[in-house]
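> can you look at this prediction? I've put the sequence above it.
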Amino acid sequence: MALPCLPISRGLLALLFVVLTTSWLTAATKPNIVLVITDDQGYGDLACYGNPVIKTPNIDKLASESSQLSNYHVAPTCSPTRAALQSGHWTDRAGAWHTIMGRSMLRADEATLGQMLKANGYKTAMFGKWHLGDNYPYRPEDRGYDEVYRHGGGGVGQTPDVWDNAYFDGAYFHNGQIESAEGFCTDVFFRQANQFIRDNAESDQPFFAYIATNAPHGPLHCPEKYMDMYADQKQAIAAFFGMITNIDDNVGQTRALLKELGIADNTIFIYTTDNGTATGNTVFNAGMRGKKGSEYDGGHRVPLMFYWPDGGMNKKHVNDWLSHAVDIAPTLLDLVGGKAPADYQFDGKSIRPLLEADNHGEWNDRFLVTDSQRVRDPIKWKQTAVMSQKWRLVNGKELYEIHQDPGQKTNVADQHPEQVAKMQAFYDQWWAELEPTFAKTTEIYLGHPKSGEVSLTGHDWIQKEMPPWNQAHIRAAHGLNPKKNVAKHTGHWAVNVIRDGTYAVSVRRWPAEANHPIIAELSPGQNVPGASRAYRTTPGQAIPIKSATLRIDGTDIATKPVHPDDTEIVFTTQLQKGSHELAPVFLTDTKQEVGAYYAVVRYVEEKQTSKSDSQPNIIFVMADDMGWGQTGYRNHPVLKTPNLDNMAEHGLRFERFYAGCPVCSPTRASVLTGRSPDRCGVLSHGYALRHQEKTIAQALKAAGYVTGHFGKWHLNGLKGPGAPVLKDDPYSPGRFGFDEWLSVTNFYDQSPLMSREGKFEQKEGDSSDVVVAEAIKFLNKHKDGDKPMFTVIWYGTPHSPFKALEKDKASFGKLNEKSAEHYGELVAMDRSVGTLRAALREMDIADDTLLVFCSDNGGLRGIQPETVGGLRGNKGNVYEGGLRVPAIFEWPGRIEPRVTNYPACTMDLFPTVADLLSLPTDIFVQPIDGTSLKPLLAEELTSRERPIPFRFQKQAAWVDNDYKLVHPNAKTFEMYNLKTDPHEEHDLAKEEPKRFAQMKKAFLAWNDAADASFAGQDYPEGKLAEPDPEPEFWFADPRYAPYLPAWKDRWEFKSYIERVQKN
């Protein structure tokens, strides 16, 4: 039977269209989104829009096949535009009406594109310039972005950015951790974005890639090959246009990648900019008046292109209807069939009809507002334009008919008073709605579980004057006025204390990564190509600072003197929940105040009686063959270790910490037992730890801890590259007190084959990342249990053979291959330290955890630059270079950050923990050679009571505070004063015979006792219960024979096995 035809209303048709469209988007793959926004590029800075000089062939091609809005407007400066684009709200409502001064942060209650698209099924990422806040809860990683790779502040080299950054070979924040990169900044950001695109395309995951370049914003730095393209122009234009042409090349490469991956047709590719031109107006400004910062069209009319073949946007279509950055968020949600958060009302609206060439529906005119509020608090009508399709009302007084007068030369306000009144009335209502929000200061959170350690910079001082927003200002001693006898610092940081408690405030003149004394001058840094000087080329001016004062809410809480070597002054204070003004200052010799340009604030948990008070979590982390000089805080010439540097700045950093032996296995034995390794039978690498020894893992397990070992073991009598420890190995970590273990016999590298309590597991990635990830799983598993955790992480890095990830060795292109691989491994290891520390904060157990980092012996020979910081000797001998290693103890709230010259060693670790936990003395095999460092954790000690002994093969040493006895061979003894002769160049044996004789006598007595221990005298039986196994290569051990055929050709085993078998 035929059904009758019924009339359908237009409303029902519209509803049917929406339902069908939405279901199509659900059933099919959602479109990917790539949004490229450049910095300070104007409408006229493109060849396709008439610029006669600039070369932008890739963007020109994009324009020739895109939907474009030729009457699209933004704010006249950076942060305000980004706030409107991200939130869909007016800039002034969103809280980011300025670019500095604490007024460039997007309010915490605003939604972002990242959050909205993530909620609608997208993987989200941002690359480059965020400029909407550098602390929680304002960072992109707090605002819905899964992957973040950015610089700090509003540009590379600005105050919140990594210290001494310039546009080439910089360091950036990758998901909160500092990572070095090679190349020009724009190339770096696009490279990271392209990898994100590739990864998600391969997994069929819809993605949003927000690529926000800092170029062509000044300073005007540019690769020389691009400047050469404009050799006939002035330097500033050559650099500015060169940066844009470089962006153009990257746009072309990213679009080519989308085609290569087969996803170009279903990817919405957007190109726009954040404000009018900063520099290019002297060449071409598309007939407009004004530039960046201006309320006239040249300050805020910018390009906007949408390319989306599957959405019908793949032909040139230009629409002249008025639109604004507040329209972007609702438009993207409309295009992908997404929803905004409940009760979230946009100030903009979807401009999809304007983008669709075939959409001939009506579009209603509307008033839009843009303003340039580069002040502390917004001012009505300040540099403001109220816009309609036909009119521009500027500053409430000037009226321009824009199509007749695009250059805004003729004010026709007197001729159209009714239009002026109409637009003024709209603005008055608009202002009245927004004005109450201005008092809602965007405050930086302190003490929030997710905020971790909060780094404050002068960029965000709230004050009337311009704050020090770039690093040249810091170097030039911003705010210091020698002509004034008395000057008061008027700025402050607006902070929101989330929970009552004790807070540590580290006050600095230079940032933590500079690691430079407060009162010292700083040499200028190297310039980079371009028309401007890099910020870092400004010489760092010394300030005659005498003291530091912590000022909160206008009250001076405490004052401390500043000594010549101080890099920070740390105050501990009680803060109550709520809003506060934090304003630490330095006082000069003339009583002039200079604001502390940097401050680092962390919450110190108030401990009542709890499990963690008497039984903290304990983590021992140890590198493999890392030398004393191989950290950023020791000013290594090529290696940057920002995470270890940060740990050192917030913990107890040892300048004289010693490994128990100049090679690996013995030092590991000293960590576990608190004894000299010779006493334990671990004479060299590859020796087994005796079953009669007692270990810290066994003691802590008996005290109620859950224990885990991850990484290199090397105490089971096996030599050769690290192979999985067998389940039935009588010398496995489980035999010595570890409940859980994922371990290998020796050193291990990329994608290692490991053993989880005897079950083999193939891992992927850098070994440091792998082992820390596994340790974090262990911590997560047990953190909410009733047992504290003891975790041992023993890296295989940077032991040979060296094999680093490409990204990790990229900064070492000038080094030989061996050294580049070696240092690349250390970059990864440092990153993993940051991952571990971040995880502790994320799990909210950092304050309940003693974290110890050190290395197992001195640095290697044959690596350039050298590894031991100028000390004498290397791994394998008992001079300082073979024994002295980096070491840091971190325990927030329990250990005051500082640097100590107290001599300590790996043999002290077990006694220290035992003392902290008040464990009985029978947990040790006596005698032990270490001593408890518990008193040192509380305050500085002047001397060590017990000397530190060392024996290795025919060598020995005896460290007694400043003096050291060295026995470099079977015949010779030498003596050095390490305080005056740290390089051990001047033998004092003959000059101080009495001291020499005393030290030699004491050592020989200890040496005899160590011989007796080695023979078994210390054990209850008075002898060895079983013979020590002879060290052997694991591939010669019959137990490994079944696995050898499958393993022998693995890259980490093959050459080693062949070499040994050949010999």
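The structure has been received and is ready for your questions. Residues are numbered from 1 along each chain as shown.

> and Pro467, helix, strand or coil?
With DSSP: H, G, I helix; E, B strand; the rest coil as the basis, Pro467 sits in coil.

> not counting sequence-adjacent ones, nearest residue to it?
In this structure, Pro467 finds its nearest non-sequential neighbour in Trp461, 4.1 Å apart by CB to CB, 6 or more residues apart in numbering. All C-beta atoms are positioned from the backbone trio N, CA, C, and that covers glycine.

> try Met288
Gly298 (3.7 Å).

> what's the local residue count around that neighbour?
When neighbours are counted by other CB atoms under 10 Å, Gly298 registers 28.

> without its sequence neighbours, what residue ends up closest to the residue sitting nearest the centre point of the chain?
Centroid-nearest residue in the chain: Gln177, 1.8 Å away (criterion: CA atoms, centre = their mean). Excluding its sequence neighbours, the residue lying closest to Gln177 (CB to CB, 6+ apart) is Gly834, at 4.3 Å.

> which residues in the stretch 951-1063 of the chain form helices?
With DSSP state H, counting those that start in this stretch applied, the stretch 951-1063 of the chain shows helices at 993-1014, 1044-1047, 1051-1062, listed in chain order.

> got those as CSV, with mean pLDDT, distance to Arg289 and mean neighbour count columns?
CSV is the format used below for those (pLDDT from 0 to 100; distance: least, CB to CB, whole Å; neighbours: other CB atoms under 10 Å):
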stretch, mean pLDDT, distance to Arg289, mean neighbour count
helix 993-1014, 96, 83, 15
helix 1044-1047, 94, 73, 12
helix 1051-1062, 89, 65, 14
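
> now do the residue nearest to Met288 against Val394, distance only.
Distance, Gly298 to Val394, using CB to CB, to the nearest Å: 12 Å.

> could you report the neighbour count for Leu117?
Neighbours of Leu117 (other CB under 10 Å): 25.

> repeat that for the one 3 residues further on.
As a burial measure, Asn120 scores 18 neighbours (other CB under 10 Å).

> my guess is it contacts Leu333, does it?
Yes - assessed by CB atoms under 8 Å, Asn120 is found in contact with Leu333 at 7.2 Å.

> quick check, Ala125 in contact with Tyr210.
Yes - counting by CB under 8 Å, Ala125 touches Tyr210, with 6.8 Å between them.

> so what sits against both of the two?
Tyr145 (CB atoms under 8 Å, 6 or more residues apart in numbering).

> and those two? Which one has more around it.
Tyr210 (27 against 24).

> and Ser104, what is it in contact with?
Ser104 neighbours (CB under 8 Å, 6+ apart): Ser79, Ala96, His98, His131, Leu132, Gly133, Gly154, Asp460.

> ok, 7 Å please
Ser79, Ala96, His98, His131, Leu132, Gly154 (CB atoms under 7 Å, 6 or more residues apart in numbering).

> for Ala534, see how far away it is.
Counting by CB to CB, the gap from Ser104 to Ala534 is 22 Å.

> ditto for Arg841
As judged by CB to CB, Arg841 and Ala534 stand 33 Å apart.

> so between the two, which is more surrounded?
Ala534 (24 against 20).

> show me where pLDDT drops low in the stretch 451-600 of the chain?
Low-confidence segments of the stretch 451-600 of the chain, defined by pLDDT under 70: 482-486.

> okay, helices next: where are they in the stretch 51-200 of the chain?
With DSSP H, counting those that start in this stretch as the criterion, the stretch 51-200 of the chain has helices at 57-64, 78-87, 91-94, 113-119, 185-202.

> looking at the ones you listed, which is buried most?
Most buried of the helices of the stretch 51-200 of the chain by mean neighbour count (mean count of other CB atoms under 10 Å) is helix 78-87; its value is a mean of 29.

> packing partners of that helix?
Packing partners of helix 78-87 (3 or more CB pairs under 7 Å, 6 or more residues apart in numbering; DSSP states H and E): helix 91-94.

> just the residues contacting the helix it packs on, thanks.
So helix 91-94 is in contact with 75, 80, 83-84, 87, 97, 106-107, 110, 347, 373, 378, 434, 437, going by CB under 7 Å, 6+ apart.

> one step back: quick one: closest of the helices of the stretch 951-1063 of the chain to Val585.
Set against Val585 and scored by CB to CB, the helices of the stretch 951-1063 of the chain come closest in helix 993-1014, at 48.1 Å.

> how distant is that closest one from the center of its chain?
With CA atoms, centre = their mean, to the nearest Å as the basis, helix 993-1014 stands 48 Å off its chain's centre.

> stretch 79-88 too?
Distance, centroid of stretch 79-88 to centroid of chain: 24 Å (CA atoms, centre = their mean).

> let me see the mean pLDDT of it.
Stretch 79-88 shows a mean pLDDT of 98.

> and stretch 939-948, by the same measure?
The average pLDDT within stretch 939-948 is 91.

> just the terminal-to-terminal distance for it.
End-to-end distance for stretch 939-948: 21 Å, by CA to CA, to the nearest Å.

> tell me the buried residues in it?
Arg944, Pro947, Ile948 (16 or more other CB atoms under 10 Å).

> now the first one. Its backbone dihedrals?
To tie it back to what came earlier, the one meant is Arg944. Dihedral angles phi and psi of Arg944 (degrees, to the nearest 10) take the values phi -100, psi 130.

> gap between it and Pro216?
Taking CB to CB, one finds Arg944 at 58 Å from Pro216.

> so where is the protein shaky, pLDDT-wise?
1-28, 482-486, 605-613.

> please parse it into its domains.
Following automatic domain parsing, one finds the domains of the chain at 27-365+417-436, 444-604, 611-1062.

> Serialize the helices of the stretch 51-200 of the chain to JSON lines and add fields for distance to Asp808.
Below are the helices of the stretch 51-200 of the chain laid out as JSON lines (distance: least, CB to CB, whole Å):
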{"stretch": "helix 57-64", "distance to Asp808": "31"}
{"stretch": "helix 78-87", "distance to Asp808": "31"}
{"stretch": "helix 91-94", "distance to Asp808": "38"}
{"stretch": "helix 113-119", "distance to Asp808": "27"}
{"stretch": "helix 185-202", "distance to Asp808": "14"}
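
> out of these, nearest to Phe1035?
helix 185-202 (37.1 Å).

> the inter-axis angle of whichever helix or strand comes after that closest one versus helix 185-202?
Using DSSP states H and E, the next helix or strand after helix 185-202 towards the C-terminus is strand 207-212. Orientation of strand 207-212 against helix 185-202 (axes from the mean of the first three to the mean of the last three CA atoms, to 10 degrees) gives an angle of 180 degrees.

> strand 207-212 packs against which elements?
So strand 207-212, by 3+ CB pairs under 7 Å, 6+ apart, packs with strand 32-38, helix 113-119, strand 123-128, helix 185-202.

> including distance to Lys1023, could the ones you listed go into JSON lines?
Shown next, in JSON lines, are those (distance: least, CB to CB, whole Å):
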{"stretch": "strand 32-38", "distance to Lys1023": "72"}
{"stretch": "helix 113-119", "distance to Lys1023": "66"}
{"stretch": "strand 123-128", "distance to Lys1023": "64"}
{"stretch": "helix 185-202", "distance to Lys1023": "60"}
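
> and those: which comes nearest Asn481?
Ranking the helices and strands packed on strand 207-212 by proximity to Asn481 (CB to CB) places helix 185-202 first, at 34.0 Å.
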